[in-house]
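Asks: The sequence isn't on hand, but the structure is:
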């Protein structure tokens with residue numbers, strides 16, 4: 001029914017919604033042809049998402065496109081879809097993300113925060129930095145309350161209208177404003193804004209009213225030659241920044257310099273390099289002094305240091321963007337890898353610690369095996385590890401007279417890493433045997449603890 005309304009629409013967002021609805025209906029019809037699916041989908045069972053994951057994903061896609069349109073009918077549709085999704089899968093990350101987007105579109109700040117909190121509770125890695133987003137929403141609420149208190153302080157007469165309906169007060173204030181009576185209009189408009197908050201109006205509506213009021217106020221100040229309220233402008237600007245922009249504590253990241261492929265090559269050229277695995281083999285060794293004797297020591301992800309076993313020197317920290325283990329450890333160079341550009345970029349923005357690295361890589365070094373080597377899934381089906389991305393990059397650049405690997409047994413001996421990272425399983429998406437084959441085919445010398453490639 002909703003699809004029919006969108007059929008001849010020229011709005012690209014509505015066209016996109018219509019296409020997703022068609023996809024959903026097609027999948028739904030196909031699922032109903034299977035008797036075992038039909039009973040689960042049309043009945044009260046909650047098992048159908050597992051049987052028909054593509055149908056569940058299509059339902060989510062329609063919900064997200066409906067929110068993009070933001071019309072009343074589309075938001076109603078998104079509400080129904082969200083209820084259906086969370087009704088069958090109460091711990092769905094995508095479902096709670098959809099709920100948060102919907103509540104944000106409806107202007108319900110508290111419900112938005114609650115939905116994002118549920119999202120964080122069921123996710124293992126907060127790649128979108130939702131915890132930071134929740135904090136900004138809370139802080140934004142505080143700025144809005146401070147703004148309304150300041151307006152009441154600057155217009156004490158507004159308290160005399162606090163029991164009247166917000167629409168009545170706003171209408172009366174606009175009429176007086178049009179008549180040129182700002183002295184009587186201002187307290188009514190301020191009282192209307194306070195009433196909007198007290199009566200539970202959507203935050204988007206309240207903030208639009210506040211933006212209009214500030215526009216009226218600035219126009220009157222210019223007209224009367226009065227000095228504008230800097231406190232009011234500051235609070236309003238801070239609220240807008242918190243809601244519309246990412247909070248950047250230090251835009252320069254403590255003077256961190258960004259390096260690309262050629263710059264990185266120059267930084268390592270002519271230097272001996274060793275790569276230290278996060279394996280039990282290295283953790284129970286006595287190789288620390290030898291490791292620290294190299295010009296550059298490379299460590300990975302959640303590395304753990306022990307002076308005797310692993311050494312303490314770290315010149316290059318190589319890490320996947322998904323976790324932030326050791327990002328606060330000060331190192332000359334930090335290389336952050338990631339297969340999806342948008343997620344990698346968000347991780348850099350949210351997780352880099354100002355002053356904790358001299359250099360950080362740009363997107364040319366984001367995913368070396370795939371992007372530089374052009375080795376796609378048809379040639380290398382598994383997701384390359386951080387260690388393999390780094391090793392492949394160093395082998396490709398070929399500017400190091402000595403390139404050694406310490407403790408690389410590809411997790412045959414188990415993991416040796418920070419205690420908080422030990423609970424994470426050894427990822428099964430990587431092709432350790434394939435990586436081992438690549439390494440051993442290039443090895444010049446092999447001992448129990450060291451593999452030399454140069």
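Replies: It's in. Being a predicted model, the structure only gives us computed values, none of them experimental.

Asks: contacts and neighbour counts: CA atoms only from here.
Replies: Fine.

Asks: How about residues contacting stretch 139-147?
Replies: With contact meaning Cα atoms under 8 Å, 6 or more residues apart in numbering, stretch 139-147 is reached by 232, 235-236, 238-240, 242-243.

Asks: Next, format the residues you listed as a markdown table and append neighbour count, secondary structure and pLDDT.
Replies: Below are these laid out as a markdown table (neighbours: other Cα atoms under 10 Å; DSSP: H, G, I helix; E, B strand; the rest coil; pLDDT from 0 to 100):
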| residue | neighbour count | secondary structure | pLDDT |
| --- | --- | --- | --- |
| 232 | 17 | helix | 84 |
| 235 | 20 | helix | 84 |
| 236 | 20 | helix | 81 |
| 238 | 16 | helix | 82 |
| 239 | 21 | helix | 82 |
| 240 | 15 | helix | 78 |
| 242 | 19 | helix | 75 |
| 243 | 16 | helix | 74 |
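
Asks: ok, residue 326 to residue 135 distance?
Replies: 23 Å (Cα to Cα, to the nearest Å).

Asks: which residue packs closest to residue 326, ignoring adjacent ones?
Replies: residue 302 (6.2 Å; Cα to Cα, 6 or more residues apart in numbering).

Asks: Ok, residue 204 next?
Replies: residue 107 (5.1 Å).

Asks: Please tell me I have it right and the residue nearest to residue 326 contacts residue 419.
Replies: No. Residue 302 is beyond contact range of residue 419, at 9.0 Å (criterion: Cα atoms under 8 Å).

Asks: the more surrounded of these two?
Replies: residue 302 (23 against 11; other Cα atoms under 10 Å).

Asks: which stretch of helix or strand covers that one?
Replies: Using DSSP states H and E, residue 302 maps to neither a helix nor a strand.

Asks: From residue 158, how far off is it?
Replies: Counting by Cα to Cα - residue 302 and residue 158 are separated by 57 Å.

Asks: ditto for residue 334
Replies: According to Cα to Cα, residue 334 and residue 158 sit 56 Å apart.

Asks: swap in residue 369?
Replies: 65 Å.

Asks: before we move on, the earlier item: looking at residue 326 and residue 135, which is more packed in?
Replies: Between residue 326 and residue 135, counted using other Cα under 10 Å, the more crowded position is residue 326 (17 against 13).

Asks: Tell me the secondary structure at that one.
Replies: coil (DSSP: H, G, I helix; E, B strand; the rest coil).

Asks: quick one: contacts for it?
Replies: Contacts of residue 326 by Cα under 8 Å, 6+ apart are 301-303.

Asks: ok, now how distant is the closest residue to residue 202 other than its chain neighbours from residue 340?
Replies: Spatial nearest neighbour of residue 202, chain neighbours left out: residue 107 (4.4 Å); criterion: Cα to Cα, 6+ apart. To residue 340, residue 107 is 31 Å away according to Cα to Cα.

Asks: of those two, who's got more company?
Replies: residue 107 (18 against 11).

Asks: so that one sits right up against residue 203, yeah?
Replies: Yes. With contacts counted by Cα under 8 Å, residue 107 reaches residue 203, the gap being 4.9 Å.

Asks: Show me which of residue 334 and residue 158 is the more surrounded one.
Replies: Neighbours per residue, other Cα under 10 Å: of residue 334 and residue 158, the larger number sits with residue 334, 25 against 21.

Asks: in the stretch 301-450 of the chain, which ranges drop under the pLDDT threshold?
Replies: Across the stretch 301-450 of the chain, the ranges flagged by pLDDT under 70 are 423, 425-431.

Asks: can you give me the helices in it?
Replies: For the stretch 301-450 of the chain, the helices defined by DSSP state H, counting those that start in this stretch occupy 341-351, 368-371, 386-397, 432-442.

Asks: which outside residues touch stretch 297-317?
Replies: By Cα under 8 Å, 6+ apart, stretch 297-317 touches 273-278, 282-292, 296, 318-320, 323-326, 331-335, 386-387, 416-418, 421.

Asks: Just give me the neighbour total for residue 122.
Replies: Residue 122: 14 surrounding residues under other Cα under 10 Å.

Asks: hmm, back to that, so what does the residue nearest to residue 202 have for phi and psi?
Replies: Here is the backbone geometry of residue 107 (degrees, to the nearest 10): phi 80, psi 20.

Asks: quick one: contacts for it?
Replies: 202-205.

Asks: ok, 7 Å please
Replies: Residue 107 sits next to 202-204 when contact means Cα atoms under 7 Å, 6 or more residues apart in numbering.

Asks: before we move on, what about residue 318?
Replies: Residue 318 neighbours (Cα under 7 Å, 6+ apart): 299-301, 334-336, 386.

Asks: Please list the members of these that lie in strands.
Replies: Residues of these located in strands (DSSP state E): 299-300, 334-336.

Asks: Determine which two of the residues you listed are furthest apart.
Replies: The largest separation in those, counting by Cα to Cα, is between 299 and 336 at 12.1 Å.

Asks: gap between residue 347 and residue 194?
Replies: 38 Å.

Asks: again with residue 112
Replies: In terms of Cα to Cα, residue 112 sits 21 Å off from residue 194.

Asks: Out of the contacts of stretch 139-147, the closest to residue 75 would be?
Replies: Nearest to residue 75 among the contacts of stretch 139-147: residue 243, at 20.8 Å, using Cα to Cα.

Asks: who touches the closest one in this structure?
Replies: So residue 243 contacts 136-137, 140 (Cα under 7 Å, 6+ apart).

Asks: Return the list of helices and strands in contact with the helix or strand residue 86 falls within.
Replies: Per DSSP H and E, residue 86 falls inside helix 72-88. Applying 3 or more Cα pairs under 7 Å, 6 or more residues apart in numbering; DSSP states H and E, we find helix 72-88 packed against helix 53-69, helix 93-106.

Asks: With distance to residue 217 and mean pLDDT as new columns, can those be given to me in JSON lines?
Replies: Below are the helices and strands packed on helix 72-88 laid out as JSON lines (distance: least, Cα to Cα, whole Å; pLDDT from 0 to 100):
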{"stretch": "helix 53-69", "distance to residue 217": "33", "mean pLDDT": "88"}
{"stretch": "helix 93-106", "distance to residue 217": "28", "mean pLDDT": "91"}
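
Asks: Single out the most deeply packed of those.
Replies: Most buried of the helices and strands packed on helix 72-88, by mean neighbour count (mean count of other Cα atoms under 10 Å): helix 93-106, with a mean of 23.
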